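Q: Dropping a prediction and its sequence here:
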Amino acid sequence: MDSRGYYNGFGGAFIPEILVSTFEELSEAFQGIKNDPGFWQEYKEIMSSYSCRPTPLTFAGNLTRHFGGARIYVKREDLNHTGAHKANNVMGQGLLVQRMGKKRVIAETGAGQHGVATATMAARFGFECTIYMGEVDVKRQRPNVFWMERLGAKVVAVKEGSRILKDAINEAFRDWVTNMDTTHYVLGTACGPHPFPEMVTYFQSIIGIEARKQILSLEGKLPARVYACVGGGSNAMGIFSGFMDDPVELVGVEAGGEGLDSGRHASRLCSKDASIGVAQGYKTYFLQDSDGQMKETHSIAAGLDYVGVSPILSHLKETGRVRFEAATDQEVVEALSLTIRKEGLIPALESSHAFARAYQEASSLSQQDIIIINQSGRGDKDIFTIADAFSDPGWKEFIIQKAEEYHA
(Lines give C-alpha, C1' and ligand atoms only; values in the text may rest on other atoms or scores of the structure.)
Protein backbone atom coordinates (compact mmCIF):
# COMPACT_ATOMS: atom_id res chain seq x y z
CA MET A 1 0.00 0.00 0.00
CA ASP A 2 1.26 3.49 -0.79
CA SER A 3 0.79 6.60 1.36
CA ARG A 4 -2.52 7.47 -0.34
CA GLY A 5 -4.08 4.10 0.39
CA TYR A 6 -3.66 2.50 -3.05
CA TYR A 7 -3.01 -1.19 -3.56
CA ASN A 8 -1.58 -1.45 -7.07
CA GLY A 9 -4.05 1.16 -8.28
CA PHE A 10 -7.04 -0.03 -6.24
CA GLY A 11 -8.35 1.85 -3.20
CA GLY A 12 -7.70 5.52 -2.54
CA ALA A 13 -10.04 8.03 -0.94
CA PHE A 14 -12.57 9.58 -3.33
CA ILE A 15 -14.41 11.71 -0.78
CA PRO A 16 -16.18 15.08 -0.74
CA GLU A 17 -14.10 18.01 0.44
CA ILE A 18 -16.23 18.36 3.56
CA LEU A 19 -14.98 14.94 4.78
CA VAL A 20 -11.28 15.49 4.11
CA SER A 21 -10.46 16.78 7.59
CA THR A 22 -12.47 13.94 9.19
CA PHE A 23 -10.53 11.33 7.25
CA GLU A 24 -7.25 13.03 8.08
CA GLU A 25 -8.19 12.89 11.76
CA LEU A 26 -9.14 9.22 11.45
CA SER A 27 -5.93 8.32 9.60
CA GLU A 28 -3.81 10.09 12.19
CA ALA A 29 -5.63 8.36 15.06
CA PHE A 30 -5.30 4.95 13.40
CA GLN A 31 -1.58 5.38 12.73
CA GLY A 32 -1.25 6.42 16.36
CA ILE A 33 -2.67 3.16 17.69
CA LYS A 34 -0.61 1.11 15.22
CA ASN A 35 2.51 2.76 16.56
CA ASP A 36 1.46 2.28 20.19
CA PRO A 37 2.82 -1.06 21.49
CA GLY A 38 0.25 -1.05 24.27
CA PHE A 39 -2.80 -0.77 22.02
CA TRP A 40 -2.67 -4.26 20.51
CA GLN A 41 -2.26 -5.75 23.97
CA GLU A 42 -5.27 -3.75 25.22
CA TYR A 43 -7.22 -4.90 22.17
CA LYS A 44 -6.33 -8.57 22.74
CA GLU A 45 -7.28 -8.33 26.41
CA ILE A 46 -10.73 -6.92 25.72
CA MET A 47 -11.31 -9.52 22.98
CA SER A 48 -10.29 -12.25 25.42
CA SER A 49 -12.46 -11.11 28.32
CA TYR A 50 -15.44 -9.88 26.29
CA SER A 51 -15.47 -11.92 23.09
CA CYS A 52 -13.99 -15.33 23.93
CA ARG A 53 -10.75 -15.05 21.93
CA PRO A 54 -8.78 -16.92 20.84
CA THR A 55 -11.49 -18.78 18.96
CA PRO A 56 -10.66 -22.48 18.51
CA LEU A 57 -9.47 -24.26 15.40
CA THR A 58 -11.69 -27.34 15.25
CA PHE A 59 -10.67 -30.56 13.50
CA ALA A 60 -13.61 -31.77 11.37
CA GLY A 61 -12.90 -35.51 11.62
CA ASN A 62 -16.22 -36.71 10.24
CA LEU A 63 -15.98 -34.50 7.18
CA THR A 64 -12.35 -35.49 6.69
CA ARG A 65 -13.34 -39.16 6.60
CA HIS A 66 -16.36 -38.39 4.40
CA PHE A 67 -14.26 -36.81 1.65
CA GLY A 68 -11.23 -39.03 2.11
CA GLY A 69 -8.74 -36.33 1.20
CA ALA A 70 -7.26 -33.38 3.07
CA ARG A 71 -7.55 -33.00 6.83
CA ILE A 72 -10.24 -30.35 7.38
CA TYR A 73 -10.03 -27.73 10.10
CA VAL A 74 -12.59 -25.01 10.86
CA LYS A 75 -11.68 -21.63 12.37
CA ARG A 76 -14.56 -20.92 14.74
CA GLU A 77 -15.34 -17.23 14.41
CA ASP A 78 -18.95 -18.16 15.11
CA LEU A 79 -17.93 -18.45 18.78
CA ASN A 80 -17.13 -14.75 19.03
CA HIS A 81 -19.54 -12.69 21.10
CA THR A 82 -22.46 -11.71 18.79
CA GLY A 83 -21.77 -14.81 16.69
CA ALA A 84 -19.38 -13.67 13.98
CA HIS A 85 -16.00 -12.21 13.12
CA LYS A 86 -17.60 -8.75 13.08
CA ALA A 87 -16.84 -8.28 16.78
CA ASN A 88 -13.10 -8.15 16.02
CA ASN A 89 -13.45 -5.00 13.94
CA VAL A 90 -16.06 -3.14 15.97
CA MET A 91 -14.33 -3.57 19.31
CA GLY A 92 -11.10 -2.30 17.80
CA GLN A 93 -12.87 0.70 16.31
CA GLY A 94 -14.66 1.23 19.64
CA LEU A 95 -11.30 1.60 21.39
CA LEU A 96 -10.26 4.01 18.65
CA VAL A 97 -13.45 6.08 19.05
CA GLN A 98 -12.73 6.36 22.77
CA ARG A 99 -9.29 7.78 22.02
CA MET A 100 -10.79 10.23 19.51
CA GLY A 101 -13.30 11.44 22.09
CA LYS A 102 -16.43 10.95 19.97
CA LYS A 103 -19.74 9.93 21.52
CA ARG A 104 -21.82 8.56 18.63
CA VAL A 105 -21.28 5.73 16.16
CA ILE A 106 -23.12 4.80 12.98
CA ALA A 107 -22.85 1.71 10.81
CA GLU A 108 -24.27 -0.07 7.80
CA THR A 109 -25.31 -3.71 7.89
CA GLY A 110 -26.51 -6.34 5.43
CA ALA A 111 -26.96 -9.68 7.16
CA GLY A 112 -27.26 -7.83 10.45
CA GLN A 113 -24.20 -9.32 12.14
CA HIS A 114 -22.17 -6.12 11.82
CA GLY A 115 -25.17 -4.15 13.05
CA VAL A 116 -25.58 -6.34 16.12
CA ALA A 117 -21.84 -6.21 16.79
CA THR A 118 -21.78 -2.40 16.48
CA ALA A 119 -24.82 -2.03 18.73
CA THR A 120 -23.15 -4.33 21.26
CA MET A 121 -19.93 -2.32 21.13
CA ALA A 122 -21.90 0.91 21.56
CA ALA A 123 -23.65 -0.49 24.63
CA ARG A 124 -20.30 -1.66 26.03
CA PHE A 125 -18.61 1.74 25.57
CA GLY A 126 -21.66 3.96 26.17
CA PHE A 127 -21.98 5.42 22.65
CA GLU A 128 -25.16 6.59 20.94
CA CYS A 129 -25.73 4.29 17.95
CA THR A 130 -27.61 4.37 14.62
CA ILE A 131 -27.63 1.45 12.20
CA TYR A 132 -28.57 1.75 8.52
CA MET A 133 -30.00 -1.38 6.91
CA GLY A 134 -31.65 -1.93 3.54
CA GLU A 135 -35.39 -2.51 3.77
CA VAL A 136 -35.02 -5.89 2.03
CA ASP A 137 -32.45 -7.01 4.61
CA VAL A 138 -34.59 -5.70 7.49
CA LYS A 139 -37.34 -8.08 6.40
CA ARG A 140 -35.14 -11.14 5.92
CA GLN A 141 -33.01 -10.55 9.03
CA ARG A 142 -35.70 -9.49 11.52
CA PRO A 143 -34.13 -11.34 14.51
CA ASN A 144 -30.97 -9.23 14.17
CA VAL A 145 -33.05 -6.05 13.95
CA PHE A 146 -34.76 -7.07 17.18
CA TRP A 147 -31.43 -7.45 18.97
CA MET A 148 -30.01 -4.19 17.63
CA GLU A 149 -33.02 -2.32 18.98
CA ARG A 150 -32.87 -4.12 22.33
CA LEU A 151 -29.21 -3.09 22.60
CA GLY A 152 -30.29 0.53 22.31
CA ALA A 153 -29.50 1.23 18.65
CA LYS A 154 -31.80 3.09 16.30
CA VAL A 155 -32.30 0.98 13.16
CA VAL A 156 -33.10 2.94 10.00
CA ALA A 157 -34.62 0.94 7.12
CA VAL A 158 -33.25 2.32 3.85
CA LYS A 159 -35.93 2.40 1.16
CA GLU A 160 -33.92 3.93 -1.70
CA GLY A 161 -32.26 2.03 -4.55
CA SER A 162 -32.36 -1.74 -4.37
CA ARG A 163 -32.77 -1.48 -0.56
CA ILE A 164 -29.80 -3.70 0.32
CA LEU A 165 -26.24 -3.25 1.64
CA LYS A 166 -24.89 -0.74 -0.88
CA ASP A 167 -27.84 1.56 -0.20
CA ALA A 168 -27.29 1.27 3.56
CA ILE A 169 -23.67 2.37 3.04
CA ASN A 170 -24.82 5.39 1.03
CA GLU A 171 -27.17 6.47 3.80
CA ALA A 172 -24.52 6.03 6.47
CA PHE A 173 -22.14 8.30 4.55
CA ARG A 174 -24.89 10.95 4.26
CA ASP A 175 -25.34 10.83 8.03
CA TRP A 176 -21.59 11.14 8.61
CA VAL A 177 -21.28 14.23 6.44
CA THR A 178 -23.91 15.93 8.61
CA ASN A 179 -22.56 14.81 11.98
CA MET A 180 -18.83 14.28 11.51
CA ASP A 181 -17.76 16.33 14.55
CA THR A 182 -19.50 14.01 17.01
CA THR A 183 -19.84 10.79 15.02
CA HIS A 184 -17.59 7.97 13.85
CA TYR A 185 -18.66 5.68 11.00
CA VAL A 186 -17.86 2.09 11.99
CA LEU A 187 -17.53 0.70 8.47
CA GLY A 188 -17.98 -3.04 8.69
CA THR A 189 -15.82 -4.42 5.92
CA ALA A 190 -12.45 -3.87 4.25
CA CYS A 191 -13.90 -1.49 1.67
CA GLY A 192 -14.54 2.24 1.44
CA PRO A 193 -12.08 5.13 1.38
CA HIS A 194 -8.61 4.89 2.92
CA PRO A 195 -7.89 4.14 5.79
CA PHE A 196 -10.89 1.80 6.20
CA PRO A 197 -9.57 -1.16 4.13
CA GLU A 198 -6.28 -1.10 6.02
CA MET A 199 -7.92 -0.48 9.39
CA VAL A 200 -10.53 -3.23 9.16
CA THR A 201 -7.88 -5.68 7.92
CA TYR A 202 -5.66 -4.71 10.86
CA PHE A 203 -8.33 -5.58 13.43
CA GLN A 204 -9.48 -8.73 11.59
CA SER A 205 -5.90 -10.00 11.21
CA ILE A 206 -6.27 -11.48 14.69
CA ILE A 207 -8.09 -14.38 12.96
CA GLY A 208 -5.14 -15.31 10.78
CA ILE A 209 -2.56 -14.71 13.51
CA GLU A 210 -4.40 -17.17 15.75
CA ALA A 211 -5.12 -19.72 13.00
CA ARG A 212 -1.49 -19.90 11.90
CA LYS A 213 -0.25 -20.42 15.44
CA GLN A 214 -2.97 -23.00 16.14
CA ILE A 215 -2.39 -25.15 13.05
CA LEU A 216 1.37 -25.23 13.65
CA SER A 217 0.72 -26.33 17.24
CA LEU A 218 -1.79 -29.00 16.21
CA GLU A 219 -0.18 -30.35 13.05
CA GLY A 220 3.36 -29.01 13.01
CA LYS A 221 2.97 -27.67 9.49
CA LEU A 222 1.07 -25.11 7.44
CA PRO A 223 -2.16 -25.83 5.54
CA ALA A 224 -2.21 -26.38 1.80
CA ARG A 225 -5.22 -24.11 1.39
CA VAL A 226 -7.28 -21.61 3.37
CA TYR A 227 -10.90 -20.88 2.35
CA ALA A 228 -13.04 -17.86 3.22
CA CYS A 229 -16.24 -16.38 1.85
CA VAL A 230 -15.99 -12.97 0.21
CA GLY A 231 -18.58 -10.21 0.44
CA GLY A 232 -16.79 -6.97 1.15
CA GLY A 233 -13.80 -8.96 2.31
CA SER A 234 -13.27 -8.50 6.05
CA ASN A 235 -13.28 -12.13 7.20
CA ALA A 236 -11.25 -13.20 4.18
CA MET A 237 -8.62 -10.53 4.75
CA GLY A 238 -8.61 -11.45 8.42
CA ILE A 239 -7.67 -15.09 7.97
CA PHE A 240 -5.60 -14.58 4.79
CA SER A 241 -3.40 -12.05 6.63
CA GLY A 242 -1.94 -14.81 8.78
CA PHE A 243 -0.69 -16.76 5.76
CA MET A 244 0.12 -14.05 3.23
CA ASP A 245 3.88 -14.65 3.37
CA ASP A 246 3.61 -18.45 3.44
CA PRO A 247 3.43 -21.01 0.59
CA VAL A 248 -0.29 -21.46 1.27
CA GLU A 249 -3.00 -21.19 -1.41
CA LEU A 250 -5.67 -18.67 -0.41
CA VAL A 251 -9.17 -19.18 -1.85
CA GLY A 252 -11.90 -16.55 -1.69
CA VAL A 253 -15.45 -17.72 -2.43
CA GLU A 254 -18.03 -15.27 -3.74
CA ALA A 255 -21.80 -15.49 -4.03
CA GLY A 256 -22.64 -17.33 -7.25
CA GLY A 257 -26.37 -16.91 -6.60
CA GLU A 258 -28.36 -18.61 -9.34
CA GLY A 259 -25.24 -19.02 -11.51
CA LEU A 260 -22.67 -16.68 -13.02
CA ASP A 261 -24.48 -16.73 -16.38
CA SER A 262 -27.86 -15.90 -14.83
CA GLY A 263 -27.22 -12.25 -13.98
CA ARG A 264 -28.49 -13.16 -10.52
CA HIS A 265 -25.32 -13.29 -8.42
CA ALA A 266 -22.89 -11.09 -6.49
CA SER A 267 -19.56 -12.22 -7.95
CA ARG A 268 -17.14 -9.43 -8.72
CA LEU A 269 -13.80 -11.17 -8.99
CA CYS A 270 -14.64 -14.36 -10.88
CA SER A 271 -17.47 -13.27 -13.17
CA LYS A 272 -17.54 -11.32 -16.42
CA ASP A 273 -20.13 -8.88 -15.07
CA ALA A 274 -17.79 -6.68 -13.04
CA SER A 275 -15.42 -3.92 -14.10
CA ILE A 276 -13.11 -1.45 -12.41
CA GLY A 277 -14.76 1.74 -11.26
CA VAL A 278 -15.03 4.31 -8.49
CA ALA A 279 -17.97 4.37 -6.08
CA GLN A 280 -18.61 4.88 -2.38
CA GLY A 281 -15.23 6.53 -1.97
CA TYR A 282 -12.82 4.00 -3.45
CA LYS A 283 -11.65 2.26 -6.63
CA THR A 284 -12.20 -1.47 -7.11
CA TYR A 285 -14.19 -4.01 -9.12
CA PHE A 286 -17.92 -3.26 -9.12
CA LEU A 287 -20.91 -4.98 -10.65
CA GLN A 288 -21.87 -2.12 -12.96
CA ASP A 289 -23.15 -1.52 -16.45
CA SER A 290 -21.33 0.29 -19.27
CA ASP A 291 -22.62 3.63 -17.95
CA GLY A 292 -21.23 2.98 -14.47
CA GLN A 293 -24.65 2.34 -12.94
CA MET A 294 -24.58 -0.28 -10.21
CA LYS A 295 -26.38 -3.53 -11.02
CA GLU A 296 -28.71 -5.36 -8.71
CA THR A 297 -27.10 -8.28 -6.91
CA HIS A 298 -28.45 -11.54 -5.56
CA SER A 299 -27.34 -14.03 -2.95
CA ILE A 300 -29.07 -16.35 -0.53
CA ALA A 301 -26.72 -14.75 2.02
CA ALA A 302 -27.58 -11.15 2.85
CA GLY A 303 -23.99 -10.41 3.87
CA LEU A 304 -22.54 -11.24 0.45
CA ASP A 305 -24.77 -9.35 -1.97
CA TYR A 306 -22.60 -6.23 -2.20
CA VAL A 307 -21.74 -4.62 -5.56
CA GLY A 308 -18.08 -3.92 -4.69
CA VAL A 309 -15.21 -5.70 -2.99
CA SER A 310 -12.16 -4.81 -0.93
CA PRO A 311 -9.52 -3.01 -2.99
CA ILE A 312 -6.94 -5.19 -1.26
CA LEU A 313 -8.63 -8.31 -2.63
CA SER A 314 -8.82 -6.74 -6.10
CA HIS A 315 -5.07 -6.20 -5.87
CA LEU A 316 -4.53 -9.79 -4.68
CA LYS A 317 -6.60 -11.05 -7.61
CA GLU A 318 -4.52 -9.07 -10.10
CA THR A 319 -1.27 -10.37 -8.62
CA GLY A 320 -2.57 -13.93 -8.45
CA ARG A 321 -1.96 -14.25 -4.71
CA VAL A 322 -5.60 -15.20 -4.03
CA ARG A 323 -7.72 -17.51 -6.18
CA PHE A 324 -11.39 -16.59 -6.41
CA GLU A 325 -14.29 -18.97 -6.99
CA ALA A 326 -18.08 -18.76 -6.68
CA ALA A 327 -20.64 -21.01 -4.99
CA THR A 328 -24.27 -21.08 -6.05
CA ASP A 329 -27.20 -20.82 -3.65
CA GLN A 330 -27.95 -24.51 -4.15
CA GLU A 331 -24.35 -25.56 -3.48
CA VAL A 332 -24.38 -23.44 -0.33
CA VAL A 333 -27.55 -25.04 1.03
CA GLU A 334 -26.16 -28.51 0.34
CA ALA A 335 -22.86 -27.67 2.06
CA LEU A 336 -24.68 -26.23 5.05
CA SER A 337 -26.83 -29.34 5.39
CA LEU A 338 -23.79 -31.63 5.19
CA THR A 339 -21.87 -29.58 7.77
CA ILE A 340 -24.77 -29.67 10.22
CA ARG A 341 -25.29 -33.41 9.91
CA LYS A 342 -21.66 -34.48 9.84
CA GLU A 343 -20.12 -32.16 12.46
CA GLY A 344 -22.95 -30.54 14.39
CA LEU A 345 -21.66 -27.14 13.25
CA ILE A 346 -24.12 -24.54 11.95
CA PRO A 347 -22.27 -22.04 9.77
CA ALA A 348 -23.93 -18.88 8.54
CA LEU A 349 -25.07 -18.86 4.92
CA GLU A 350 -22.19 -16.48 4.18
CA SER A 351 -19.62 -18.86 5.67
CA SER A 352 -21.25 -21.81 3.93
CA HIS A 353 -19.96 -20.48 0.61
CA ALA A 354 -16.42 -21.23 1.79
CA PHE A 355 -17.48 -24.69 2.98
CA ALA A 356 -19.11 -25.41 -0.39
CA ARG A 357 -15.95 -24.74 -2.38
CA ALA A 358 -13.70 -26.51 0.11
CA TYR A 359 -15.90 -29.61 -0.13
CA GLN A 360 -15.60 -29.61 -3.92
CA GLU A 361 -11.81 -29.63 -3.66
CA ALA A 362 -11.02 -31.60 -0.46
CA SER A 363 -10.98 -35.06 -2.04
CA SER A 364 -8.53 -33.95 -4.74
CA LEU A 365 -5.88 -33.30 -2.09
CA SER A 366 -3.85 -35.97 -0.32
CA GLN A 367 -4.44 -37.20 3.22
CA GLN A 368 -1.21 -35.45 4.21
CA ASP A 369 -2.62 -32.08 3.19
CA ILE A 370 -4.50 -29.71 5.49
CA ILE A 371 -7.17 -27.16 4.68
CA ILE A 372 -8.70 -24.50 6.90
CA ILE A 373 -12.21 -23.12 6.40
CA ASN A 374 -13.09 -19.86 8.09
CA GLN A 375 -16.51 -20.20 9.74
CA SER A 376 -17.02 -16.46 9.86
CA GLY A 377 -20.43 -16.61 11.54
CA ARG A 378 -23.11 -18.82 13.03
CA GLY A 379 -26.21 -19.93 11.14
CA ASP A 380 -28.93 -19.57 13.74
CA LYS A 381 -29.36 -15.93 12.68
CA ASP A 382 -30.43 -17.24 9.26
CA ILE A 383 -33.13 -19.59 10.51
CA PHE A 384 -35.90 -17.92 8.48
CA THR A 385 -33.89 -18.05 5.24
CA ILE A 386 -32.43 -21.48 5.93
CA ALA A 387 -35.79 -23.03 6.84
CA ASP A 388 -37.26 -21.58 3.64
CA ALA A 389 -34.33 -22.94 1.58
CA PHE A 390 -34.87 -26.38 3.10
CA SER A 391 -38.66 -26.09 2.51
CA ASP A 392 -39.14 -27.30 6.06
CA PRO A 393 -42.88 -28.05 6.53
CA GLY A 394 -42.70 -27.98 10.33
CA TRP A 395 -41.20 -24.50 10.27
CA LYS A 396 -43.85 -23.24 7.85
CA GLU A 397 -46.57 -24.61 10.12
CA PHE A 398 -44.93 -22.91 13.12
CA ILE A 399 -44.80 -19.53 11.32
CA ILE A 400 -48.45 -19.82 10.24
CA GLN A 401 -49.50 -20.63 13.81
CA LYS A 402 -47.52 -17.68 15.16
CA ALA A 403 -49.08 -15.36 12.60
CA GLU A 404 -52.54 -16.56 13.59
CA GLU A 405 -51.72 -15.97 17.27
CA TYR A 406 -50.61 -12.41 16.56
CA HIS A 407 -53.79 -11.69 14.60
CA ALA A 408 -56.04 -13.23 17.25
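A: Received it, and whenever you're ready, just let me know what you need. None of these values were measured; they are calculated from a predicted model. Numbers count the residues shown, from 1 in each chain.
Q: contacts, neighbours, all on C-alpha from now
A: OK.
Q: ok, now how distant is the closest residue to L313 other than its chain neighbours from A302?
A: Nearest non-adjacent residue to L313, counting by CA to CA, 6 or more residues apart in numbering: G233, 7.2 Å away. G233 sits 14 Å away from A302, taking CA to CA, to the nearest Å as the criterion.
Q: Mind listing the shared neighbours of these two?
A: Here G233 and A302 share no contacting residue, scored by CA atoms under 8 Å, 6 or more residues apart in numbering.
Q: residues contacting A190?
A: 196-201, 232-234, 237, 309-312.
Q: Assumed it was part of a helix.
A: No: under DSSP: H, G, I helix; E, B strand; the rest coil, A190 sits outside any helix and is assigned coil.
Q: helix/strand/coil for the closest residue to M148 other than its chain neighbours?
A: In this structure, M148 finds its nearest non-sequential neighbour in V116, 5.2 Å apart by CA to CA, 6+ apart. Here V116 takes the helix state, with states given by three-state DSSP.
Q: So V116 sits against W147, correct?
A: Yes: counting by CA atoms under 8 Å, V116 touches W147, with 6.6 Å between them.
Q: Between these two, which is the more surrounded one?
A: Higher neighbour count among V116 and W147: V116, with 27 against 18, using other CA atoms under 10 Å.
Q: how close does the more buried one get to D261?
A: Taken as CA to CA, the span from V116 to D261 is 34 Å.
Q: And the strands in the stretch 151-300 of the chain?
A: For the stretch 151-300 of the chain, strands defined by DSSP state E, counting those that start in this stretch occupy the ranges 154-158, 183-185, 225-229, 249-257, 274-279, 282-287.
Q: Of those, which is nearest R341?
A: strand 225-229 (20.5 Å; CA to CA).
Q: Just checking: what are the partner strands of that closest one?
A: Counting by DSSP bridges, the strands paired with strand 225-229 are strand 249-257 (parallel), strand 370-375 (parallel).
Q: outside of it, which residues touch it?
A: By CA under 8 Å, 6+ apart, strand 225-229 touches 235-236, 239-240, 248-254, 350-355, 357-358, 370-376.
Q: just stretch 90-100 next, same as before
A: 29-30, 33, 43, 47, 103, 114, 117-118, 121-122, 125, 184, 186, 188, 203.
Q: Which members of the residues you listed are classed as buried?
A: Those of the contacts of stretch 90-100 that meet the buried threshold are 29-30, 43, 47, 103, 114, 117-118, 121-122, 184, 186, 188, 203, by 16 or more other CA atoms under 10 Å.
Q: Let me know the closest of those residues to R140.
A: Scanning these for proximity to R140, where the rule is CA to CA, the winner is H114, at 15.1 Å.
Q: who are the neighbours in contact with that closest one?
A: K86, A87, V90, A107, E108, G188.
Q: Tell me the helix or strand right after the helix or strand of the chain with the lowest mean pLDDT.
A: Here the helix or strand of the chain ranked lowest by mean pLDDT, DSSP states H and E is helix 383-389, holding a mean of 84. Once helix 383-389 ends, the next helix or strand along the chain (criterion: DSSP states H and E) is helix 393-407.
Q: How far off centre is stretch 210-226?
A: Using CA atoms, centre = their mean, to the nearest Å, the mean C-alpha position of stretch 210-226 is found 22 Å from that of the whole chain.
Q: Endpoints of it, how far apart?
A: Using CA to CA, the two ends of stretch 210-226 sit 13 Å apart.
Q: what comes up buried for that stretch?
A: Buried, per 16+ other CA under 10 Å, within stretch 210-226: E210, A211, R212, Q214, I215, L222, P223, A224, R225, V226.
Q: State the pLDDT value of the fourth one.
A: In the predicted model, Q214 carries a pLDDT score of 98.
Q: residue contacts, it?
A: L57.
Q: Now with 10 Å, please.
A: P54, T55, P56, L57, T58, K75, G208, G220, L222 (CA atoms under 10 Å, 6 or more residues apart in numbering).
Q: For ChimeraX, write a command that selects the buried ones of these.
A: Command for ChimeraX that selects the buried part of those, burial taken from 16+ other CA under 10 Å:
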select :54,55,56,57,75,208,222
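Q: would you list the contacts of Q214 in TSV and tack on pLDDT?
A: As requested, these are arranged in TSV below (pLDDT from 0 to 100):
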residue	pLDDT
P54	98
T55	98
P56	98
L57	98
T58	98
K75	99
G208	98
G220	98
L222	98
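Q: Could you single out the nearest of the contacts of Q214 to Y285?
A: Of all those, G208 has the smallest distance to Y285: 24.6 Å, by CA to CA.
Q: which residues does the closest one contact?
A: Residues counted as contacts of G208 (CA under 10 Å, 6+ apart) are 75, 214, 226, 235-244, 374.
Q: Thank you kindly, that will do.
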